[in-house]
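>>> Task: produce atomic coordinates for the following.
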Amino acid sequence: MNLPNRITTARLGLAVVLFVVLDSVCRSHESGFWWYAAFVLYLVTVLTDGLDGYLARSRGQVTAFGRIVDPLADKIVICGVLVLACTLPQTEKLVPPWIVLVVLGREFLVSGLRGFLEGRGTGFPARWEGKAKLMIQAWYCGSAIFYPGHHWDWCELVARFFLWATLLITVWSAVAYVRSAAKLIGSNADL
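Next comes the predicted model:
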């Protein structure tokens, strides 16, 4: 296994540790050290996303494993944090369940379209809207995890801003992917 794939695999492991810290430790602490630890762990998990892709491309080590597992790791981190954050007393006011359902619904929809098209030999690559969606969602998750460490009003405002930005970019990117899939299906009668 090459270095980029090891980093991707490590991100999955870090995500599990993050989920355990959030659910088992942060749940019982209103603020303080454990929330800072969770935030730092989240940052490491998210920031290594760009590192594995950069290394894979720059070293000519792009693999089928990396192309599949890297975006899967992104989805696990974002969706896992959102699911937990909507159940934690310290963050539930910043992460309502409906936003979690919107994000999960979009991920299932786009993954389903990708699986359908690629299963029939039609490429369905990532779009810039999907990359923008990931960035906004990452900021949203980070702000939700950062808030309990401080309970500063401006942190709450930032999280609420990214809540609505996440809604807009998630829906917008879903529409862009559906349109792209419809064009591919319409231009290829064999699908």
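>>> Against which helices or strands is the longest helix out of those in the chain packed?
For the chain, the helix that runs over the most residues, judged by DSSP state H, is helix 153-187. On a contact count with 3 or more CB pairs under 8 Å, 6 or more residues apart in numbering; DSSP states H and E, helix 153-187 meets helix 97-119, helix 128-150. Just so you know, the C-beta spots here come from the backbone N, C-alpha and C atoms, and that holds for glycine as well.
>>> can you pull the contacts of the spatially most central residue of the chain?
Nearest to the geometric centre of the chain sits residue 78, at 3.1 Å (CA atoms, centre = their mean). By CB atoms under 8 Å, 6 or more residues apart in numbering, residue 78 lies in contact with 103, 134, 137-138, 141.
>>> Likewise for residue 72?
Counting by CB under 8 Å, 6+ apart, residue 72 has no contacts.
>>> From residue 88, how far out is it?
Distance of residue 72 to residue 88, computed by CB to CB, to the nearest Å: 24 Å.
>>> hmm, back to that, right, so of the helices and strands packed on helix 153-187, which gets closest to residue 18?
Closest approach to residue 18 among these (CB to CB): helix 128-150, 8.8 Å.
>>> Flag every buried residue along that closest one.
129-130, 133-134, 136-149 (16 or more other CB atoms under 10 Å).
>>> Now do the host helix or strand of residue 42: which elements does it pack against?
Using DSSP states H and E, the element containing residue 42 is helix 33-58. Applying 3+ CB pairs under 8 Å, 6+ apart, we find helix 33-58 packed against helix 3-20, helix 64-85, helix 128-150.
>>> residues of that helix that come out buried?
34-35, 38-39, 41-42, 45-46, 48-49, 52-53, 55-56.
>>> same question, stretch 2-13
2, 4-5, 7-9, 11.
>>> can you dump the C-alpha coordinates of it into PDB?
Listed next in PDB are the C-alpha coordinates belonging to stretch 2-13 (Å, rounded to 0.1, in the frame of the first residue of the first chain):
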ATOM      1  CA  ASN A   2       1.500   3.300  -1.100                       C
ATOM      2  CA  LEU A   3       1.800   6.400   1.200                       C
ATOM      3  CA  PRO A   4      -1.400   8.300  -0.100                       C
ATOM      4  CA  ASN A   5      -3.500   5.200   0.500                       C
ATOM      5  CA  ARG A   6      -2.000   4.700   4.000                       C
ATOM      6  CA  ILE A   7      -2.900   8.400   4.700                       C
ATOM      7  CA  THR A   8      -6.500   7.700   3.400                       C
ATOM      8  CA  THR A   9      -6.800   4.600   5.600                       C
ATOM      9  CA  ALA A  10      -5.400   6.500   8.600                       C
ATOM     10  CA  ARG A  11      -8.100   9.200   8.000                       C
ATOM     11  CA  LEU A  12     -10.700   6.500   8.400                       C
ATOM     12  CA  GLY A  13      -9.100   5.400  11.700                       C
END
